[in-house]
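1. with the sequence up front, the predicted model follows.
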Amino acid sequence: YVALPSAALAVNRVALRVKLGGHNILQVDIERRFQRSLHNLYALYLPLADRWTVLDNAMGKLKPIAQGTASRTYVENIDKWLNLKKLCS
């Protein structure tokens, strides 16, 4: 899962894409999808996956946040992991 730390950053990235000729997405849709995606990650996907990895894409270079299995979680960046969990509730 490739994560951003906030819906605001996702909105900013879409705005930049639009300036470069890409398609637009309404801000309300970005915010709804951002929260729903995180909720689904924690509530649905992680418990079902044999193996998973969550990566931070805030700076354009992927950095590991956590990885695990359905029964174990190995957190590499606790602050970012807890922030994502907070955002999904």
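-> The structure has been received and is ready for your questions. Owing to the predicted nature of the structure, the values given are computational and were not obtained by experimental measurement.

2. and the helices in this protein, which stretches?
-> 7-19, 27-40, 46-48, 78-87 (DSSP state H).

3. elements contacting the second one?
-> It stands for helix 27-40. Contacts defined by 3 or more Cβ pairs under 8 Å, 6 or more residues apart in numbering; DSSP states H and E place helix 27-40 against helix 7-19, helix 78-87. Placement of C-beta: from N, CA and C, glycine included.

4. now with 10 Å, please.
-> strand 2-3, helix 7-19, helix 78-87 (3 or more Cβ pairs under 10 Å, 6 or more residues apart in numbering; DSSP states H and E).

5. may I see the buried residues of that helix?
-> Within helix 27-40, the residues scored as buried using 16 or more other Cβ atoms under 10 Å are 30, 34, 38.

6. which parts of the lowest-mean-pLDDT helix or strand in the chain are buried?
-> The weakest-scoring helix or strand in the chain, judged by mean pLDDT, DSSP states H and E, is helix 46-48 (a mean of 91). Burial within helix 46-48, assessed by neighbour count using 16+ other Cβ under 10 Å, is assigned to Leu46.

7. follow-up on the earlier one: closest to Ala49 out of the helices and strands packed on helix 27-40?
-> Nearest to Ala49 among the helices and strands packed on helix 27-40 is strand 2-3; the distance by Cβ to Cβ comes to 14.7 Å.
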